[in-house]
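In: here are the coordinates; sequence isn't available:
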Ligand SMILES: Cc1cc2nc3c(=O)[nH]c(=O)nc-3n(C[C@H](O)[C@H](O)[C@H](O)COP(=O)(O)OP(=O)(O)OC[C@H]3O[C@@H](n4cnc5c(N)ncnc54)[C@H](O)[C@@H]3O)c2cc1C
């Protein structure tokens, strides 16, 4: 069985950033990636320094090309199916049946989204969006809808008027407090309490929202928070502790991205409540550095 210093599972913003630090530290490394980054539904990625407006796949391709220049890195285009913690490291099984082991592990598997309405699915990343910083500028001055799925949704509705005229849909479940209602009014946000039941429009475009009482309200972009879950069961299998986030559970880490299981680090969307490519990349850098530091400490002990 191949034995590495570190295995990084997930080859997107967090995983590639972790791998880059370890490759530059000349550590023997395996990057395992199934090739499904969370933002693959969007045509372009925004806000990442030097890569604003670049297709996500192009960013990943460039990251992989640069990483491949380091001779101590192996790549597996595969899914890591199982993980087992052992006294001196971890052993993984990959799709295809191969077993691999390493002294340290970085989990950078991201999260998967569950959208609240079926008609949102084909529009995800185009006219149904999760974050105004990522895609708000591209829908500026259009009629915007904030569809509440979690108690904190009102805060997103309060931001949106910086991008366009906004209606906050409480879905009949997330009624703003009196103070929040006053803030929404001060920001010019309309409130609609009848639930949205369907999105209308050609293909991936959005033209209106159908409400439960049959009314159709014009809207050109929706912002909402889907339920999230950590993409892979590896962290559970290893016994990592989780935290409750606003949209779902995520892997608990300390400031060095160390999970509750020694030698297992986690970074990116899988280990945070704040979803953003730059933050995922920064956490990946920290996880890579911390995994390297742990290897050095083991050797010095
Ligand atoms: C539609 C959409 C658009 C977005 N646009 C932006 C934007 O413009 N700007 C921005 O800053 N943020 C954006 N985001 C957020 C951004 O995509 C995430 O913050 C970022 O992708 C997180 O990076 P990550 O490396 O943690 O996870 P991901 O990018 O999700 O990558 C995880 C990788 O791990 C792999 N993987 C998972 N499990 C396994 C396994 N068991 N074995 C092997 N591989 C595995 C996956 O296949 C995937 O390749 C967007 C999100 C969405 C949903």
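Out: Received, thanks. A quick note: this is a predicted structure, and the numbers were derived from the prediction, not measured.

In: Look at residue 112 and say how many residues are nearby.
Out: Look at residue 112: counted by other C-beta atoms under 10 Å, it has 16 neighbours. The way it works is simple: take the backbone N, C-alpha and C, and place the C-beta from them, glycine included.

In: for residue 78, what are its contacts?
Out: 32, 33, 34, 94, 95, 96, 98 (C-beta atoms under 8 Å, 6 or more residues apart in numbering).

In: Which of the residues you listed are buried, as a PyMOL select command?
Out: Here is the PyMOL selection string for the buried members of the contacts of residue 78, based on 16 or more other C-beta atoms under 10 Å:
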select buried, resi 32+33+34+94
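
In: who's in contact with the biggest helix by length in the chain?
Out: When the chain is scanned for its longest helix (criterion: DSSP state H), the result is helix 277-300. Outside of helix 277-300, the residues within contact range by C-beta under 8 Å, 6+ apart are 5-6, 8, 12-22, 25, 27, 39, 45, 47-49, 103-104, 106, 108, 110, 255-258, 263, 265-269, 271-272.

In: From the residues you listed, which land in helices?
Out: 13, 14, 15, 16, 17, 18, 19, 20, 21, 22.

In: Spit out the contact partners of the first one.
Out: The contact partners of residue 13, taken as C-beta under 8 Å, 6+ apart, are 37, 48, 59, 268, 277, 278, 280, 281, 284.

In: May I ask you to confirm that the fourth one is in contact with residue 15?
Out: When you say that, I think you mean residue 268. Yes. At 7.1 Å, residue 268 counts as touching residue 15 under the criterion of C-beta atoms under 8 Å.

In: Which residues of the stretch 101-250 of the chain lie near the ligand?
Out: 108, 109, 110, 113, 124, 125, 130, 134, 231, 232, 234 (C-beta under 6 Å from any ligand atom).

In: quick one: the longest helix of the chain near the ligand?
Out: Yes. If you take C-beta under 6 Å from any ligand atom as the test, helix 277-300 does meet the ligand, through 277, 278, 280.

In: got the angle between that helix and helix 13-24?
Out: Relative orientation of helix 277-300 versus helix 13-24 (axes from the mean of the first three to the mean of the last three C-alpha atoms, to 10 degrees): 40 degrees.

In: how much space between residue 270 and residue 222?
Out: Distance of residue 270 to residue 222, given as C-beta to C-beta, to the nearest Å: 25 Å.

In: of the two, who's got more company?
Out: Taking neighbours as other C-beta under 10 Å, residue 270 and residue 222 compare with residue 270 leading, 30 against 22.

In: Might one say that that one is in contact with residue 38?
Out: No. Assessed by C-beta under 8 Å, residue 270 is found out of contact with residue 38, at 10.0 Å.

In: Please identify which residue in the stretch 201-301 of the chain comes closest to the ligand.
Out: residue 268 (2.1 Å; C-beta to the nearest ligand atom).

In: How many residues are close by that residue?
Out: With other C-beta under 10 Å as criterion, residue 268 counts 34.

In: how close does the nearest residue to it once chain neighbours are set aside get to the ligand?
Out: Closest residue in space to residue 268, ignoring its immediate chain neighbours: residue 14 at 2.7 Å, by C-beta to C-beta, 6 or more residues apart in numbering. Distance, residue 14 to the ligand, using C-beta to the nearest ligand atom, to the nearest Å: 3 Å.

In: what's residue 14 in contact with, if anything?
Out: 108, 110, 267, 268, 269, 270, 280, 281, 283, 284, 287.

In: what's the answer for residue 40, then?
Out: By C-beta under 8 Å, 6+ apart, residue 40 lies in contact with 56, 57, 125.

In: Inside helices: which ones of these?
Out: In this view, those that belong to helices under DSSP H are 56, 57.

In: Including neighbour count and pLDDT, could the contacts of residue 40 go into JSON lines?
Out: Conversion of the contacts of residue 40 to JSON lines gives the following (neighbours: other C-beta atoms under 10 Å; pLDDT from 0 to 100):
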{"residue": "56", "neighbour count": "22", "pLDDT": "95"}
{"residue": "57", "neighbour count": "14", "pLDDT": "95"}
{"residue": "125", "neighbour count": "20", "pLDDT": "97"}
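
In: List just the nearest of the contacts of residue 40 to the ligand.
Out: Using C-beta to the nearest ligand atom, those come closest to the ligand at residue 125, 3.3 Å.

In: Nearest residue to the closest one in space, please, no chain neighbours.
Out: Nearest non-adjacent residue to residue 125 (C-beta to C-beta, 6+ apart): residue 41, at 3.2 Å.

In: What about that neighbour? Give its phi and psi, please.
Out: With angles defined as degrees, to the nearest 10, residue 41 sits at phi -80, psi -10.

In: That one: neighbour count?
Out: 16.

In: can you pull the contacts of it?
Out: 124, 125, 126.
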